[in-house]
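Undergrad: sequence and predicted model, in that order:
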Amino acid sequence: MNTQQDASKSVQFPRTVERLVSGQATSDGAGVKLTRVLTQNLQQRLDPFLMLDAFGSDKPDDYIAGFPDHPHRGFETVTYMLAGRMLHRDSAGHEGLLENGGVQWMTAGKGVIHSEIPQQEEGVMEGFQLWLNLPKRDKMNTPWYKDFQNNELPRFVTPQGVAVTVISGESHGMTGAVTREITQPRYLDIHMPGNTQFEQTLSPEHNAFIYVYRGEVSIAGKAVPTQRMAILANEAQSDGVVITANSDAKLILISGQPLREPIVQYGPFVMNTQQEIYEALSDFREGRLGETESSHN
């Protein structure tokens, strides 16, 4: 882990909080209990991000059945496991065990069928799944998958002692595990000791939000309590965000370049037109979605 000097320029015009969002309790897969923080009605506002689920429980019945085989097309999923063990298998032949502090990045592209099944019978399972949209030109690309163990993720510590894991994008001169040219996603896990500040430069046109999963922080004088998402206002002159923690806090900071393309979602399919959704459903029903290249030979 690196100790960073203040390598990035400091924020001169910090963003404010546009609104706080508490998320909706729901279940998915085979009854896994979770909180849907970024819901469908926020997709345009937080473009290119389509969904954020936060899950966390020490009750096995809340998670044990996991997410059996299900399809995806047209976007990427980023699963960040804070605690617990989850096995991924998919129709493209990928398999990986996601463990404490690890990240799984999957590009569904033209289509993949996958399962995510807990590999534990007790204890805590906690983490996040983020859906990142793909630009129209990439929606039918070949599926891609990569696992990152916790020790493979880039990290740094600021002079104030704030510990930052860079899952994607760039922060304070550190480049994350994954970069994307068009959506430019930045995904940081930030652990703040009490009485510290963290500054992150942000492009004014990027949509950005934080989600606090331990403690409480404040942004431009606005308190953001635990289990709340703060959508950061897009102000033309703003060049970043300044986050303050009076006591120990943990949060994720996510930002990206909006695609400004039509978003048509039907369950696990996210395309640009209704016709493309019909095609996805037809491919799924006919067994064409999730076919591997070799199956055509």
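TA: Happy to help now that I have it.
Undergrad: quick one: terminal-to-terminal distance for stretch 87-94?
TA: Terminal residues of stretch 87-94 are spaced 11 Å apart (CA to CA, to the nearest Å).
Undergrad: buried ones in that stretch?
TA: By neighbour count with 16 or more other CB atoms under 10 Å, stretch 87-94 contains the buried residues 88, 90-92, 94. For the C-beta atoms, the positions are set from N, CA and C on the backbone; glycine is no exception.
Undergrad: low pLDDT regions in the stretch 151-297 of the chain?
TA: Applying pLDDT under 70 to the stretch 151-297 of the chain picks out residues 292-297.
Undergrad: what about the strands in it?
TA: 155-157, 163-168, 170-171, 174-175, 186-192, 196-201, 207-214, 217-219, 222-224, 228-232, 240-245, 249-256, 264-266, 269-271 (DSSP state E, counting those that start in this stretch).
Undergrad: report how many residues lie close to the nearest residue to Phe209 once chain neighbours are set aside.
TA: Once flanking residues are discounted, Phe209 sits nearest to Ile231: 4.9 Å by CB to CB, 6 or more residues apart in numbering. Ile231 is flanked by 19 other residues according to other CB atoms under 10 Å.
Undergrad: also Leu42?
TA: By other CB under 10 Å, the residues close to Leu42 number 20.
Undergrad: and Thr201, by the same measure?
TA: 17.
Undergrad: skipping its backbone neighbours, what lies nearest it in space?
TA: With CB to CB, 6+ apart, the residue lying closest to Thr201 is Gly240, at 4.1 Å.
Undergrad: partners of that neighbour in the sheet?
TA: Using DSSP bridges, the bridge partners assigned to Gly240 are Pro14, Thr201.
Undergrad: residues in contact with it?
TA: Counting by CB atoms under 8 Å, 6 or more residues apart in numbering, Gly240 touches 11, 13-15, 199-202.
Undergrad: between these, which is nearest Pro185?
TA: Using CB to CB, Leu202 comes nearest to Pro185 of those, at 12.2 Å.
Undergrad: and the pLDDT at Phe128?
TA: Among the per-residue scores, Phe128 shows a pLDDT of 97.
Undergrad: now for it: which residues touch it?
TA: So Phe128 contacts 52-55, 79-80, 82, 211, 252 (CB under 8 Å, 6+ apart).
Undergrad: what strands line up against the strand or helix carrying it, and which way round?
TA: Assigned by DSSP states H and E, Phe128 belongs to strand 125-133. Under the criterion DSSP bridges, strand 125-133 sits next to strand 49-57 (antiparallel), strand 75-83 (antiparallel) in its sheet.
Undergrad: just give me the closest of the buried residues of stretch 87-94 to Pro135.
TA: Using CB to CB, the buried residues of stretch 87-94 come closest to Pro135 at Ala92, 20.6 Å.
Undergrad: chain neighbours aside, what residue packs nearest to His114?
TA: The shortest distance from His114 to any non-neighbouring residue, by CB to CB, 6+ apart, is to Asp90 (3.6 Å).
Undergrad: repeat that for His94.
TA: Closest residue in space to His94, ignoring its immediate chain neighbours: Tyr145 at 4.0 Å, by CB to CB, 6+ apart.
Undergrad: in the sheet, who's paired with the one you found?
TA: Beta-bridge partners, per DSSP bridges, of Tyr145: Met106.
Undergrad: show me what Asn133 is bridged to.
TA: Phe75.
Undergrad: start the count at 367 instead of 1 going forward.
TA: Got it, the first residue is 367 from now on, which makes the last one we talked about Asn499.
Undergrad: on that earlier part again, quick one: distance of the strand holding Phe494 to the chain centre.
TA: 5 Å (CA atoms, centre = their mean, to the nearest Å).
Undergrad: return the alpha-carbon coordinates of that strand using CSV.
TA: Extracted as CSV, the C-alpha positions of strand 491-499 are listed here (Å, rounded to 0.1, in the frame of the first residue of the first chain):
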residue,chain,number,x,y,z
MET,A,491,-22.0,-11.7,3.5
GLU,A,492,-21.7,-8.0,2.5
GLY,A,493,-20.9,-6.1,-0.6
PHE,A,494,-22.2,-4.2,-3.6
GLN,A,495,-23.2,-4.9,-7.2
LEU,A,496,-23.0,-2.0,-9.6
TRP,A,497,-24.4,-2.1,-13.2
LEU,A,498,-22.5,0.0,-15.7
ASN,A,499,-24.1,0.7,-19.1
